[in-house]
Every structure is written in structure tokens, then in C-alpha cells.
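>>> Quick one, structure for this:
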Amino acid sequence: MKKAIQFGAGNIGRGFIGAVLAQAGYQVTFADVVESLLEQINERKGYTVHVTDTNSYDIEISGIKAVHSGSEDVVSEIVDADIITTAVGIRILKFVAPSIAKGLEARMAAGVEKPLNVMCCENGLKATSQLKELVFTQLDDATKEWTLTHVGFPDAAVDRIVPPVHCEVPLDVAVEEFFEWDAERADFIGGVPDIPGMVPVDNLLAYVERKLFTLNTGHATLAYLGKMKGYETIGQSIEDEKIKGLVRQAMQQSGEALVKKFGFDHTKHFEYIESILVRFHNPYLKDDCNRVGRDPLRKLAANDRLILPMLTARGYGLPYDKLLLAIGACLHFDNPDDPQSVEMIGSIKERGVEGTIVKYSGILPGDPVLDEIAAAYREVEVF
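All right, here's what the predicted structure looks like:
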């Protein structure tokens, strides 16, 4: 039986990536650091994915196990694995890399010749490439050379809303019906594995940015505007027609930039935008504005869902005023339980909006867009 290791046994790891791999016939081993979660997985050896949408049904996942992601057990699992996936968050990849490096060393020492492919299923650009670089810094020259011919590191783009819905069985997870998993075809070793639902593509960057500029941009904007209006959930926020209109316009402005950059069909892309809005309306998924809006400094990074689409639109001479308002709303995200929110609010008090954007987004001092962001920050206060 084919073996998969899924780093990250959280909702996305179980409800999306792990579930797809299990349905594709892989024996899935989850690797995580939360001991209580590992114990539950090893005790129950399965869970239920509750598809909670217009079409609602259950998917039973069985035959799973779990190991600590920093243990020798995960190294042993890597030795004869066929695929490794991650859903841990970009910032956690540096903690995953040492285990993968040790696993590759052990795999080479054991003389394993079958191909292994590693895919990061994260919200971010070229996450697998980032992991590969982290892994390679820990390998000696001989292992690096072996890895180049035996291990593929295809970048991937994933899309599925998996909110933290309470389930009677703690391991169970609720998901929307829609999902998308695209992977860079050329980067696989030993051919593309047969995983129904995972689509090999020839220009992954287009799919990554399409998702980032649309779903992620819209979702974050909805959360920040909703929180400013006093709403608790995404569902409440999208029912506010004024908020919905601005979210739509922000995604349309990012969409015009995508059409220009990648040559997407304009009509089809704008239909895709409307399909995203429909997904936000899903009444069965009670997603929280604080959850969707968390880590605002990460979302204000130069290559993430707010700054990048705005700069891309500006670079093509296209309108970006609604994307500026999205950035302004993010800068108002005030959640005392979110360390990045606390840091951002403190930075704004200390150095102002412009100084905060310079510090965290990489936009250079003196760029006229700083004044535009500051103006949007003030404008969205009375939105």
C-alpha cells in the first residue's frame, strides 16, 4: 500500500489533504507535535469528514496513525514513504525541515530507490520551494546529490474553507464541498502520482496568485470589515450588502490585474469571483472573523493577499482604491488575543500607519502609495 506522511494534523490536514490522500488509497500517517491529538488518532485510527454545504454528506477516513513530527518515528516513516505533504503554516516549515532532512539521509542509507515527492499545501507563494531550501541547508553534498535525483519538490496551490466547527467527536472535521489542489507538473519525480482531486498544471504561479488574489484577498477583507462593523462571523459579514459590495470590488480590482498578468479569460475569471462570494455565503460553516483575520502582519507581507494584488494592479496602471481600503481595514484589526494584532496596533501608535507598512510590507520609504494607504486607513473608519 502506498504511504503518505501528512505534517500537520489540524483541521486542514485532516479535513482536506489527509482525507484526499486516504481516499486515493494511501495509508496516511499524520505528524504533529500535539500529544493529545496524536493519542486520539492512534486510539481511534479514523475520523469523519462532514461535508457541510448545499450538498451535505459524510466521508469516513480509516487506517490512519500518528507520530510526533520531531521524533525518530517520523524519520523511519519517511524511509519508505511515497509522498510527504504539509499543512502547518509557512512559519512552521523551518521546524519540519530537520525531520525531513534526517528522513532523506536515512532513506539514502537504506538504499531506497523509489521516488518520493514532497508538497507543501500552505497559503503562500512557492511554499514547497521554501521548504526544499530549508531541507537542503541541512544535507551534506552527497545527500543533496542523491535527493536531486530521487525526491521531487513540486510547489502546490490549495483551496478549501475548513473552519473550526465543533464536532461531537473531536477528530471529526467540517468542510465545504468545494476544493482545489493544483501542483507544478514539471517538479514531480517519477511521474505525477494518481491522486484524484489533485491536478497537475504547467503554470502553477497563475493558480497560486488566482487563489491568493481572489479567495484569500476577499476572505481577509470580509473578516476585517466585518469585525470593524461589530460582526462575529463571516456569514454575518457577507449579509451586509455594503461590505459585500466592497469585497466584490476589491476582488474585481485584483482580478483585472490577474487577467492582465496571466491572460485569464475575463468573463470566466469574474464568474470565479462570483463563485467565491457564493462560498462565503455558506450558512452551514460558522467561520469566525477573528480566525480568518488572524496574523494580520503576515497578511500585510509583500507577497501576500493584500499588498501584492494592490501593487500588481498599480503596476499595470489599473484602479486599486478598493484594495487600499482592504489594507486600511486590516490595519484596524484589533484583537487582544492575537499577538500579531497587538504588535501591529502598537506599531501604528509608535510609528504611524506609514512606518508600520514600511516595517512589515517591504514598501520603501517615500513611496507615494504610503500616503494612499494612510488615507484609506482613515477613510475605512467611517465605512
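>>> Hmm, residue 235 is touching residue 284, no?
No - using CB atoms under 8 Å, residue 235 is not in contact with residue 284; the gap is 9.2 Å. Any C-beta I mention is one placed from the backbone N, CA and C, and that applies to glycine too.
>>> For the nearest residue to residue 102 once chain neighbours are set aside, give me its contacts.
Setting aside the residues directly before and after it, residue 102 is nearest to residue 75 in space (CB to CB, 6 or more residues apart in numbering), at 4.7 Å. Contacts for residue 75 (CB atoms under 8 Å, 6 or more residues apart in numbering) come out as 99, 102, 103, 106.
>>> Assumed residue 75 was part of a strand.
No - assessed with DSSP: H, G, I helix; E, B strand; the rest coil, residue 75 is helix; it does not lie in a strand.
>>> count of residues packed around the residue found closest to residue 237 once you drop the neighbours it is linked to in the chain?
Leaving aside its sequence neighbours, residue 237 sits nearest to residue 226 (CB to CB, 6+ apart; 2.8 Å). Each residue near residue 226 was counted by other CB atoms under 10 Å, and the total is 26.
>>> In terms of helices and strands, where is residue 226?
Residue 226 belongs to helix 217-228 when assigned by DSSP states H and E.
>>> Distance from the chain centre to that helix, please.
Helix 217-228 has its C-alpha centroid displaced from the chain centroid by 17 Å (CA atoms, centre = their mean, to the nearest Å).
>>> now swap in stretch 144-160 and tell me
The answer for stretch 144-160 is 17 Å, by CA atoms, centre = their mean.
>>> check contacts around the residue most central in space within the chain.
Compute the mean C-alpha point of the chain, and by CA atoms, centre = their mean the closest residue is residue 123, 2.1 Å away. Contact partners of residue 123, counting by CB under 8 Å, 6+ apart, are 89, 90, 212, 216.
>>> same question, residue 258
With CB under 8 Å, 6+ apart, residue 258 has these contacts: 206, 209, 210, 213, 214, 264, 269, 312.
>>> Need the three-state assignment for it.
helix.
>>> Could you verify my assumption that residue 309 touches residue 210?
No - shown here, residue 309 and residue 210 do not form a contact pair, counting by CB under 8 Å, at 10.7 Å.
>>> Looking at those two, which one has more neighbours?
Neighbours were counted for residue 309 and for residue 210 using other CB under 10 Å; residue 309 has more, 28 against 22.
>>> just the angle between the helix or strand hosting the more buried one and helix 217-228, please?
Using DSSP H and E, residue 309 maps to helix 307-315. Comparing the axes of helix 307-315 and helix 217-228 via axes from the mean of the first three to the mean of the last three CA atoms, to 10 degrees yields an angle of 110 degrees.
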